[in-house]
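> Need coordinates for the below:
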Amino acid sequence: MLTAAGVFTIIIMIIGVLGNSLTIGALLRHSKLRTVAAAFIASLCISDLMFCFLVLPFSASQFFHGTWIHGEMLCKMVPTLRYASVGVSLLSIGSISINRYILIAWPHLYQTIYTKTKVCIYIGFIWAFSYGLQIPTLLGKWGVFGMDEKLGTCSITTDKYGHSSKTALFVIGYAAPCIVIVLCYAKIYWVVRRSHKKLEQHSTGNKFKKSEMKITKMVLVIFICFNVCYLPITIVKVFDQDIEHAPLHVLSYLLIYLSSCVNPVVYVTMNKQYRRAYLDTLKCKYNSILDSQQTQPPQSKNLNLSVSYLKNNAVSHSPNKTQIT
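Here you go, the predicted structure:
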């Protein structure tokens, strides 16, 4: 089982490095893609890329050897990077959901909330909070980083007072983004569906049903992938703290690792412009049709609400036309 887990970890690492590197390269090469949503996607991909480079090689080694062989110092640093990277990924996912929600529900406030300076502050806070949250454990004030003899891995163990941050981190780390995703995308779907019903009075119904299906599928994919990757580890850490079912812990860790290569697929390749940017990047094209177009807020053909409707009903003084991804 451990050998198979090690092989699977290496596969995830390779796919994650390639996928996240390609995404970051596409964002850097094509000015059309440098939007607010792309900034949070870049934060997500950089975190996942660091996770693949700095955490997964040690995880694979541990699976193959059946124990930790890299010394006490790395036994503290690697789990610190693991928990912090997962934190950045989760907060970035939540921020993407909030960004989509504000674009749909409050388009007239979008450019005020998401200036370049504020976006940098938001992303800086995500990273500072995720890594800062590990400081108490590093100092031995809320559990300690070290060898977990029950699990046979370097993780968070109890301190001398019997305290550990592991359960709290997993519960909060899963519950908070899950609530944000559900609320934001439920609101998005409600706003879009309401606008479609009004627009159907002046157009054919098939077009609206098709676009509704697209956003429904997108939301389902996002929510299913999020739960598949993060719910098992939360359940296992809460209900099996004595490690009575070790294979479940191994499987839940692999699903966490899987999230590092799934994220680019879920949050990027569902957009036609990103797929085109991927191809241009692979072909080393510098002068892409994407760069010849005027940069606007995030766009996609998943949902195209009429500009006139948005102006009359949602953005009476909005400075830009808005198309919704």
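
> Quickly note the distance from the closest residue to residue 154 other than its chain neighbours to residue 139.
For residue 154, ignoring the flanking residues on the chain, the nearest one in space by Cβ to Cβ, 6 or more residues apart in numbering is residue 75 at 4.1 Å. For the C-beta atoms, the positions are set from N, CA and C on the backbone; glycine is no exception. Look at residue 75 and residue 139: by Cβ to Cβ, to the nearest Å, they are 16 Å apart.

> Quick check on these two: which one has the bigger neighbour count.
residue 75 (19 against 10; other Cβ atoms under 10 Å).

> what about residue 1, how many neighbours?
Other residues close to residue 1 by other Cβ under 10 Å number 10.

> Okay, strands next: where are they in the stretch 51-200 of the chain?
Using DSSP state E, counting those that start in this stretch, the strands of the stretch 51-200 of the chain run over 144-148, 153-157.

> as a whole number, average confidence for the first one?
In this case it means strand 144-148. Strand 144-148 shows an average pLDDT of 86 in the prediction.

> which residues are contacting that strand?
With contact meaning Cβ atoms under 8 Å, 6 or more residues apart in numbering, strand 144-148 is reached by 68, 72, 75-77, 79-80, 137-138, 153-159.

> now the closest residue to residue 175 other than its chain neighbours: how far from residue 172?
Excluding the flanking residues, the one nearest residue 175 by Cβ to Cβ, 6+ apart is residue 234, at 8.0 Å. The gap separating residue 234 from residue 172 is 10 Å, by Cβ to Cβ.

> Looking at the two, which is more packed in?
residue 234 (20 against 15).

> Okay, and the more buried one sits in which element?
Here residue 234, judged by DSSP states H and E, is contained in helix 205-239.

> mind listing what's buried in the helix or strand just after that helix?
In the C-terminal direction, the helix or strand that comes right after helix 205-239 (DSSP H and E) is helix 246-267. For helix 246-267, the neighbour count (16 or more other Cβ atoms under 10 Å) marks 248-264, 266-267 as buried.
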